[in-house]
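Peer 1: Output the structure for:
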Amino acid sequence: MTMDDWQDSDSQEEPNPLAEEEERQAADSDQPEDVEAPEEAEAVNEEQVTLQWYVVHCYSGYENKVKKNLEHRSASMAMQNRILDVVVPTEEQVELRDGQRRVVERRIYPGYVLVKMILDEESWYVVRNTPGVTGFVGIGTKPTPLRQEEVDRIMRRMEAEEPAPQVKVRTGDRVRIVEGSFVDFNGVVDEVYPDKGKARVLVSFFNRDTPIEVDLLQIERL
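Peer 2: Alright, predicted model coming up:
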């Protein structure tokens, strides 16, 4: 399963890889598209003793509440040996507000929570029936674990020492430069470099488009 760059709805506008992954999984499923499986079929029929990370849907904005609910249910139902960890993926981001740069914590994947668990009938039931949880991510009705490389990538992103800049623009967007030597110039985004926190913008000088590289925080979309 690929969970490569989910975005917070107010921070990035690139396609949600998880949604694409779910579409791919649905296409790979042997279940006919016109047959809706009963919810009860989502339960796991064969016990899986491997400890793995799974992704569950929840209502957007209720991720932390779902985390607390699930941890409480796990403890009260003596399932700590099968449900070991619940994580709401977040990262620190830099934003420009009122002319000041601020570091804020944002959810990386709104509407999703990661659960480290041994999947069997009982643990599935506890997670699936936690208030706020709407289902597991998986192929058809079967929860599908994350690959270890995907888990590692998410954890590295969460533990990054430097806050990531928000990416609110994409190639082709018309923008205004709000900071720096070219303040108040308008231009068109030619390329975005998320890893560098920069973008190349084509600005018109004497009727000629001139590329300049600016910080992502120095531009805003028109």
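Peer 1: Residue 126: what's it in contact with?
Peer 2: 70, 73-74, 77, 79, 83 (CB atoms under 8 Å, 6 or more residues apart in numbering). C-beta coordinates here come from the backbone N, C-alpha and C atoms, glycine included.
Peer 1: And the contacts of the longest helix along the chain?
Peer 2: Counting residues, the longest helix found in the chain (DSSP state H) is helix 63-76. With contacts defined as CB under 8 Å, 6+ apart, helix 63-76 is touched by 56, 58-59, 79-80, 83, 86-88, 107, 110-113, 115, 126-127, 130-133.
Peer 1: Mind checking which of these are buried?
Peer 2: For the contacts of helix 63-76, a burial check counting by 16 or more other CB atoms under 10 Å picks out 56, 58, 79, 83, 86-88, 107, 110-113, 115, 126-127, 130, 132-133.
Peer 1: about what we covered before: list just the nearest of the contacts of residue 126 to residue 51.
Peer 2: residue 83 (10.2 Å; CB to CB).
Peer 1: Distance of the closest one relative to residue 103?
Peer 2: Distance from residue 83 to residue 103, counting by CB to CB, to the nearest Å: 32 Å.
Peer 1: Helix, strand, or coil at the residue nearest the centre of the chain?
Peer 2: Taking CA atoms, centre = their mean, the centroid of the chain lies closest to residue 109, which sits 2.4 Å from it. Classification of residue 109 by DSSP: H, G, I helix; E, B strand; the rest coil places it in coil.
Peer 1: isn't it right next to residue 90, touching?
Peer 2: No - the criterion here is CB atoms under 8 Å, and residue 109 misses it with residue 90 at 9.3 Å.
Peer 1: Which pLDDT value goes with residue 101?
Peer 2: Looking at residue 101, its pLDDT is 71.
Peer 1: same thing with residue 97?
Peer 2: Reported pLDDT for residue 97: 67.
Peer 1: OK, contacts around residue 215?
Peer 2: If you count contacts by CB under 8 Å, 6+ apart, then residue 215 has 165, 179-180, 197-198 around it.
Peer 1: Please report the distance of it from residue 177.
Peer 2: For residue 215, the distance to residue 177 - CB to CB - is 10 Å.
Peer 1: Ok, residue 191 next?
Peer 2: Residue 191 is 16 Å from residue 177, by CB to CB.
Peer 1: so where does residue 168 fall, helix or strand?
Peer 2: Of the helices and strands defined by DSSP states H and E, none includes residue 168.
Peer 1: What sits closest to it if chain neighbours are left out?
Peer 2: residue 221 (6.2 Å; CB to CB, 6 or more residues apart in numbering).
Peer 1: how many neighbours does that neighbour have?
Peer 2: Around residue 221 there are 12 other residues, counting by other CB atoms under 10 Å.
Peer 1: now the helices for this structure?
Peer 2: Going by DSSP H, the chain shows helices at 17-28, 63-76, 121-128, 148-158.
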